[in-house]
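In: Provide a 3D model corresponding to the input given below.
(one chain, ligands or ions: 1)
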Amino acid sequence: MTQNIHADRILIVDFGSQYTQLIARRVREIGIYCEILPYDADDNEFVEFAPKGVIFSGGPESTTVEDGPKAPQCLFDMAVPVLGICYGMQTMAQQLGGEVEISDHREFGYAQVRARGHSKLLKDIQDHINSEGHGVLDVWMSHGDRVAKLPGGFKCIASTPSAPMAGMADEERGYYALQFHPEVTHTLQGQRVLERFCREICGCDALWTAGNIVDDAVLALRDQVGDDEVMLGLSGGVDSSVLAALLHKAIGDKLTCVFVDHGLLRLGEGDQVMKTFADNMGVKVIRVNAKDRFFNELAGEADPEKKRKIIGKLFIDEFSTQARELAADGIKWLAQGTIYPDVVESAGTRSGKAHVIKSHHNVGGLPDDLEFELVEPLRELFKDEVRKIGVTLGLPKEMVMRHPFPGPGLAVRILGEVKWEYAELLRKADAIFIEELLAHDLYDKTSQAFVVFLPVKSVGVMGDGRKYDWVVSLRAVETIDFMTARWAHLPYDFLELCSRRIINEIDGISRVVYDISGKPPATIEWE
Ligand code: XMP
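Out: Now for the predicted structure:
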């Protein structure tokens, strides 16, 4: 394969919208590579990226205040098409000589937009035709300000009663802007609008496909590590599994995976990971049985953050021990499952405003005397792309489509002190809940579902006997980005079935509750 799948690329300039990553995912779905840069990145970064087109995101600020964020001039000087969305439209209007005003009629939610002016961007894209024969689009709006005067050279391409200039274009320069959000699915024709911009207006070819991404990554990996050995910490989660399959395809037995079984995995998970990788795919996997060490070190500790720290440290110790043993063979490279949202979010924290709510552990933090170089072949990919290439690489769908599972495993789902007895009860209850979600076609409708063990005893009756046993909570959420989440409104009958099975089949559990807390204010995990 000789084509450069990164050549036809779009730049997304982030003004702080909650939808910026969604814009990038939509562009990738069209089959075009794109990256996000904050609006205040260095001019060099924009210029070196050399995109075929630029999209300005929305944002929470107002152009009507002094010092609102502005698009750097170098982006207009690149002479490539630009699409401004929401705030992106307003700043474009203002910077190019138009005017923006605070609207007396704020619009949030559904709106109908009338397309006007026969622009290349919206031509023949519509949901309805109104009585006068004009094309109408059902869109998602979220704005307070609006463009009051078009900049020179622009025409109006869309309007609503409360935003007469809901879209504008200077087709000669390839500048387009929309007040509504084409990236959200509520805008029914949004994907077609983005596709029109990226493919036809910017002239990008759809080269960013799962097959091409795999081929490209394999070549890049071989180029990066040559004949060297690479080590990978396999957790059984989606990212590390796809990473293992990708590296195996690229470098075969030069890859060694270390799978630390800390005894805090779900029912049968350790064996399943070994079966998928070592048995079926012929990947070299060292399984380290570290259950006793983890449970001994966790004994007596009830504080969630301290539990996480203990686990993180033990994980690294085990990993380092394996690395030292293998290092005699000259292992230089460490593979990490960093994905694109991690890269964007660490760049996005330049302002230092993000708070650490929970310290998520990764294989990072290895001691300095283990001098590895990093291999991160997933760092350009969104989670859905990681899943797609997992399927292309031949991983079982059940593994690739799995809900995320935290690194500290069941330790953060057993409240307070972790005991083997609790972990065993939790594993059984969790397996029943997941089995029923799958059987009722509800697994894929929830983003994450699991059971939490509460160290609380409660009275029950079974047959003629009195029970005094433990309580568990079912937790199921719907979310796109795991930053916010809604508790899943699972059917009552279904919840009843899960509760009945758990109490009847597991000796030691007397009561099941359902968690109806959203995030925020709660978090998805209980600890
Ligand atoms: P929270 O509980 O913060 O969870 O709302 C958001 C997502 O992150 C996962 N999570 C973790 N993942 N180590 C991990 O690798 C951790 O310590 C950890 N804590 C939470 C959680 O499962 C959810 O998907």
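
In: List of residues touching stretch 127-142?
Out: With contacts defined as C-beta atoms under 8 Å, 6 or more residues apart in numbering, stretch 127-142 is touched by 58, 86, 107-116, 122, 124-126, 158, 160, 163, 166, 179-182, 184, 186-190. Glycine gets a C-beta too; all of them are placed from N, C-alpha and C.

In: Give the buried residues for it.
Out: Going by neighbour count (16 or more other C-beta atoms under 10 Å), the buried part of stretch 127-142 is G135, L137, D138, V139, W140, M141, S142.

In: Confidence-wise, which of those residues comes last?
Out: Checking pLDDT across the buried residues of stretch 127-142, the minimum falls on S142 at 83.

In: quick revisit: the contacts of stretch 127-142 in helices, which ones?
Out: Among the contacts of stretch 127-142, DSSP state H puts G190 in helices.

In: Now the buried members of the contacts of stretch 127-142.
Out: 58, 86, 107, 111, 113-116, 122, 125-126, 158, 160, 163, 166, 179-182, 187, 189-190.

In: And the pLDDT at Q322?
Out: Looking at Q322, its pLDDT reads 88.

In: Begin at 26 from now on, thanks
Out: With the count now opening at 26, the last piece we talked about shows up as Q347.

In: same for the least confident helix or strand in the chain by mean pLDDT, what does it pack against?
Out: Least confident helix or strand of the chain, by mean pLDDT, DSSP states H and E, is helix 365-373 with a mean of 77. Counting contacts by 3 or more C-beta pairs under 8 Å, 6 or more residues apart in numbering; DSSP states H and E, helix 365-373 packs against helix 45-55, strand 58-63.

In: Just give me how far the longest one sits from the chain centre.
Out: Chain-centre distance of helix 45-55: 12 Å, with C-alpha atoms, centre = their mean, to the nearest Å.

In: Kindly report the same for stretch 240-255.
Out: From the chain centre to the centre of stretch 240-255 is a distance of 25 Å (C-alpha atoms, centre = their mean).

In: mean confidence for it?
Out: Stretch 240-255 carries an average pLDDT of 96.

In: who touches that stretch?
Out: Outside stretch 240-255, the residues that reach it (C-beta under 8 Å, 6+ apart) are 26, 30-31, 271-272, 274-276, 279-281, 351, 354-360, 400, 402, 414.

In: Mind listing what's buried along that stretch?
Out: Quick answer for stretch 240-255 (16+ other C-beta under 10 Å): D240, D241, A242, V243, L246, Q249, V250, E254, V255.

In: Check stretch 288-301 too.
Out: By 16+ other C-beta under 10 Å, the buried positions in stretch 288-301 come out as G288, L289, L290, R291, L292, E294, G295, Q297, V298, M299, T301.

In: Without its sequence neighbours, what residue ends up closest to the first one?
Out: Closest residue to G288 in three dimensions, ignoring its sequence neighbours and counting by C-beta to C-beta, 6 or more residues apart in numbering: K316, at 3.3 Å.

In: What about the one you found, how many residues nearby?
Out: Neighbourhood size, K316 [other C-beta atoms under 10 Å]: 16.

In: what's the spacing between it and V161?
Out: In this view, K316 and V161 are 62 Å apart by C-beta to C-beta, to the nearest Å.

In: With E396 instead?
Out: Applying C-beta to C-beta, the value for E396 to V161 is 62 Å.

In: The residue of the stretch 226-375 of the chain found nearest the ligand: neighbour count?
Out: Of all residues in the stretch 226-375 of the chain, the one sitting closest to the ligand is R333 (5.4 Å; C-beta to the nearest ligand atom). Using other C-beta under 10 Å, R333 has 20 other residues around it.

In: how far is the helix or strand in which it is found from where the chain is centred?
Out: According to DSSP states H and E, R333 maps onto helix 329-352. Distance of helix 329-352 from its chain centroid, counting by C-alpha atoms, centre = their mean, is 26 Å.

In: send the alpha carbons of it over as CSV?
Out: Taking C-alpha atoms only, helix 329-352 is exported to CSV below (Å, rounded to 0.1, in the frame of the first residue of the first chain):
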residue,chain,number,x,y,z
PRO,A,329,-10.9,4.3,47.7
GLU,A,330,-8.0,6.4,46.6
LYS,A,331,-5.5,4.4,48.8
LYS,A,332,-6.9,1.1,47.3
ARG,A,333,-6.3,2.5,43.8
LYS,A,334,-2.8,3.5,44.7
ILE,A,335,-2.0,0.1,46.2
ILE,A,336,-3.3,-1.6,43.0
GLY,A,337,-1.4,0.8,40.7
LYS,A,338,1.8,0.2,42.6
LEU,A,339,1.5,-3.6,42.7
PHE,A,340,0.6,-3.6,39.0
ILE,A,341,3.8,-1.7,38.2
ASP,A,342,5.9,-4.0,40.5
GLU,A,343,4.6,-7.1,38.8
PHE,A,344,5.1,-5.6,35.4
SER,A,345,8.6,-4.4,36.2
THR,A,346,9.6,-7.8,37.6
GLN,A,347,8.5,-9.4,34.3
ALA,A,348,10.2,-6.7,32.3
ARG,A,349,13.5,-7.3,34.2
GLU,A,350,13.3,-11.0,33.5
LEU,A,351,12.6,-10.5,29.9
ALA,A,352,15.1,-7.6,29.6
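
In: Show me what secondary structure element comes after it.
Out: That would be, after helix 329-352 and using DSSP H and E, strand 356-360.

In: What does the pLDDT read for the closest residue to the ligand within the stretch 26-175 of the chain?
Out: Distances between the stretch 26-175 of the chain and the ligand by C-beta to the nearest ligand atom are smallest at Q46, namely 15.4 Å. The model reports Q46 with a pLDDT of 92.

In: And for D489?
Out: Looking at D489, its pLDDT reads 79.

In: Now for it, how many residues are close by?
Out: Residues lying near D489 (other C-beta under 10 Å) number 5.

In: Then G236?
Out: 11.

In: Touching, it and T417? I think so.
Out: Yes - judged on C-beta atoms under 8 Å, G236 makes contact with T417 at a distance of 5.9 Å.

In: before we move on, the earlier item: okay, the buried residues of stretch 240-255 in a markdown table with secondary structure and distance to the ligand next?
Out: A markdown table is the format used below for these (DSSP: H, G, I helix; E, B strand; the rest coil; distance: C-beta to the nearest ligand atom, whole Å):
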| residue | secondary structure | distance to the ligand |
| --- | --- | --- |
| D240 | helix | 30 |
| D241 | helix | 28 |
| A242 | helix | 23 |
| V243 | helix | 27 |
| L246 | helix | 24 |
| Q249 | helix | 26 |
| V250 | helix | 26 |
| E254 | strand | 26 |
| V255 | strand | 22 |
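
In: which one of those is nearest V172?
Out: For these, the closest approach to V172 (C-beta to C-beta) belongs to D241, at 40.5 Å.

In: other SSEs contacting the strand or helix carrying R412?
Out: Assigned by DSSP H and E, R412 belongs to helix 408-417. With contacts taken as 3+ C-beta pairs under 8 Å, 6+ apart, helix 408-417 sits against helix 235-250, helix 263-276, helix 422-425.
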